[in-house]
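Visitor: Structure of the sequence below:
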Amino acid sequence: MNFSQSIIVSVLVVGVGWSAALLQPQVANAHSTEGKPKAQLASVQMEAQNGEDMQESVVRSKARTIVGASDTLDIADVGKLWQAFNDNTVLHARLKKAPTRVFVAYQDFSNDFKRAHISIGYERTIVPLADAGISLKPGLHIQILAPAKYTSEEIEKAWQTLDYRRPIEQVIEVYQLSADNTVMASNMLVLYGE
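Guide: Predicted coordinates for the structure are as follows:
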């Protein structure tokens, strides 16, 4: 699957995932990290909706800036932003080396989670003379998907596991690219607010 096809599949999965997540039933908060030192938050034990215990990995993400395409729009319309990103010949011409990752950041969600400020881009460090870019929030992100190759069904299920009752600060998808821009793996992180 080439990069363009991967993006189209991702757009469809995100749209279906958000739709399904909005229909998610209310469940009691399964865990709390309150009072725990941040250094000890390597993983959090939680109880899944089906009653099974599962490990939830926590990843400390550093501050980074991405440059590419950015807009506030309906999440279902993220495909338009992917098109703008892919069509940005100036951005791609400025790359000082082949990109190994593409970031998609969802921030500033509407109350119904149908709209967000979405940014798609490369790390600013590989794009000299780029515009200011969008800052990704640092902090302890919960890893929804570990880096691996996923089917569209697995990615859809991952979006459904987000806890929409908690304030979501940011959701980040990271696509690992091969030398020919084929998506080799992806992962997903979420940063919840207090």
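Visitor: Secondary structure class of residue 80, three-state.
Guide: helix (DSSP: H, G, I helix; E, B strand; the rest coil).
Visitor: contacting residues for it?
Guide: residue 73 (Cβ atoms under 8 Å, 6 or more residues apart in numbering). Where C-beta positions appear, they are placed from N, C-alpha and C, glycine not excepted.
Visitor: centroid residue for this structure?
Guide: residue 172 (2.1 Å; Cα atoms, centre = their mean).
Visitor: What number of neighbouring residues does the residue nearest to that one when sequence neighbours are not counted come out with?
Guide: Excluding the flanking residues, the one nearest residue 172 by Cβ to Cβ, 6 or more residues apart in numbering is residue 189, at 4.7 Å. Neighbours of residue 189 under the rule other Cβ atoms under 10 Å: 21.
Visitor: how far away is the residue nearest to the centre of the chain from residue 89?
Guide: Separation of residue 172 from residue 89 (Cβ to Cβ, to the nearest Å): 25 Å.
Visitor: Okay, strands next: where are they in this protein?
Guide: All strands of the chain, identified by DSSP state E, fall at 43-47, 53-61, 64-74, 101-107, 115-123, 134-136, 139-148, 168-177, 183-192.
Visitor: of all the ones you listed, which lies closest to residue 154?
Guide: Closest to residue 154 of the strands of the chain is strand 139-148 (Cβ to Cβ; 7.5 Å).
Visitor: So which helix or strand of this structure has the lowest pLDDT on average?
Guide: strand 43-47 (a mean of 35; mean pLDDT, DSSP states H and E).
Visitor: Could you list which residues are in contact with residue 147?
Guide: 174, 176, 185-187.
Visitor: which residues touch residue 191?
Guide: Taking Cβ under 8 Å, 6+ apart, one finds 61, 137, 139-142, 168-172 in contact with residue 191.
Visitor: are any of those buried, and which?
Guide: 61, 139, 141-142, 168-172 (16 or more other Cβ atoms under 10 Å).
Visitor: What is the most widely separated pair among the residues you listed?
Guide: Between any two of those (Cβ to Cβ), the greatest distance is 14.7 Å, for 61 and 168.
Visitor: any idea how far residue 142 is from residue 170?
Guide: Relative to residue 142, and taking Cβ to Cβ, residue 170 is found at 11 Å.
Visitor: what do the two both touch?
Guide: Joint contacts of residue 170 and residue 142 (Cβ under 8 Å, 6+ apart) are 190-191.
Visitor: List the residues that contact the spatially closest residue to residue 117 that is not a sequence neighbour.
Guide: Distances taken as Cβ to Cβ, 6+ apart place residue 108 nearest to residue 117, at 4.2 Å, with adjacent residues excluded. Residues near residue 108 by Cβ under 8 Å, 6+ apart: 72, 116-117.
Visitor: what's the closest of those residues to residue 96?
Guide: Minimum distance to residue 96 across the contacts of residue 108 is 26.9 Å, recorded for residue 117 (Cβ to Cβ).
Visitor: neighbours of the closest one, just the number please.
Guide: 16.
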